[in-house]
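Enquirer: sharing a sequence plus its predicted fold:
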Amino acid sequence: MKLAFLLFEYFPYGGLQRDMLAIAEAAEARGHQVTVFTRAWHAERPASPRVETLEVGARSNHGRDAAFVAAVGDRLAGFDRVVGFNKMPGLDWYYAADGCLAARYRGPRRWLPRYRSKLAMEAAVFDPAAGAGVLSISPLQRALYQRHYGTPDHRFVDLPPGIRRDRALPEDHALRRARLRTEVGIGETTPMLLFVGSGFRTKGLDRAIRALARLPEETRLFVVGDDNAGPYRRLARRLKVDDRVRFMGGQDNVPDWLWSADLLLHPAYAENTGTVLLEAAVAGLPVLTTRACGYAGYIRDGGLGRVLDDPGDEELAAAATDLLARPRDHWREQGRHFAADADIYGLVDRAVDAIEQDATEQKEPR
């Protein structure tokens, strides 16, 4: 099959972007030909899949989105299936990594050009009259889409999480932990909190920093992710914890950070899934998160940390203290059981299965 994958922008540390590339690589491994169309690729281009950049001119983000949709429409003839990783018209499949905007955009702002444009893109996917199949990765968000648009059940394919097996705790984890902690200049017994994610605002970095200010002075917070750190550096200075927070930028060795830390702090305000929660769990790292994360139920049900509703600073700090007090070996054992038993690895293969089955049943290319 010839498959077109559509993505507004690619950058190397985004979860959506990593999923897109993994699905493309899996499809190519099965003998399909994938072309990725995007308006910007902020990384070294892979040998495969093939990447085509369509330069578009517009001042606003929503204007560039619309211009990309118009430009790519002329390039799709001859493709068997078109798979979108952002919401837009003209898709055969949409990979639903983003949350439901109709549930968030309320009041007069819905009529502003930016929001009106984004809602129109969403409706082009989820309206009952639309034809796109939905590769759904969050039961919570699926319910919201169906509540707001009435999208019929048959259009959804529910995918399990897509956790990479290299996140599981290795035999030499103690050596790796010691090495990284030495590199960043902290001792074995120093409490090390970890925040991972490139969306600092929605993933609750402000909450994490305020909680840190209530924890013992020796506690350190390491922030791994590519985003604007300025406001959070200022918050840390205001709370007098700037010497206890380290901004590490985007990192390729995320598993080493998971194996080296003592607690993952992920107090998100909104999170469609929260893949890093499960990556931490299989790495033997306890997780402190919120009910806003689509994958929070795995943490709660598996005894892999704590899930809070809408925590204040004091509640978050108290929960962190409680989780840090339990031996790391307890969390490592919990993580090993979870990694061995949970259905959390099949997202990529099942996504390609769905696209293949659809194309087999309807053989006409565009």
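Expert: Cool, the structure landed. Numbers count the residues shown, from 1 in each chain.
Enquirer: only C-alpha atoms from now on, for both contacts and neighbour counts.
Expert: Noted.
Enquirer: so what's residue 10 up against?
Expert: 17, 38, 40, 41, 42, 43 (CA atoms under 8 Å, 6 or more residues apart in numbering).
Enquirer: next: residue 25.
Expert: With contact set as CA under 8 Å, 6+ apart, residue 25 has these partners: 48, 49.
Enquirer: now residue 121
Expert: Applying CA under 8 Å, 6+ apart, we find residue 121 in contact with 87, 88, 89.
Enquirer: just checking, which of these belong to strands?
Expert: Assigned to strands by DSSP state E, none of these qualify.
Enquirer: for those, which one is nearest residue 209?
Expert: Sorting those by distance to residue 209 puts residue 87 at the head of the list, at 33.0 Å, by CA to CA.
Enquirer: hmm, back to that, let me have the contacts of residue 10 in TSV, extended by pLDDT, distance to residue 268 and neighbour count.
Expert: As requested, those are arranged in TSV below (pLDDT from 0 to 100; distance: CA to CA, whole Å; neighbours: other CA atoms under 10 Å):
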residue	pLDDT	distance to residue 268	neighbour count
17	93	20	17
38	97	28	20
40	93	28	17
41	95	27	17
42	92	26	9
43	91	27	10
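Enquirer: follow-up on the earlier one: nearest to residue 269 among the contacts of residue 121?
Expert: Distance to residue 269, by CA to CA, is smallest for residue 87 among the contacts of residue 121, at 21.8 Å.
Enquirer: would you list every one of the strands in the chain?
Expert: 2-10, 33-41, 50-53, 81-84, 93-96, 133-136, 156-158, 192-196, 220-224, 245-249, 263-266, 287-290, 305-308.
Enquirer: present those strands as a markdown table; the columns should include distance to residue 275.
Expert: Putting the strands of the chain into a markdown table (distance: least, CA to CA, whole Å) gives the following:
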| stretch | distance to residue 275 |
| --- | --- |
| strand 2-10 | 18 |
| strand 33-41 | 23 |
| strand 50-53 | 26 |
| strand 81-84 | 20 |
| strand 93-96 | 14 |
| strand 133-136 | 14 |
| strand 156-158 | 16 |
| strand 192-196 | 10 |
| strand 220-224 | 14 |
| strand 245-249 | 18 |
| strand 263-266 | 11 |
| strand 287-290 | 12 |
| strand 305-308 | 15 |
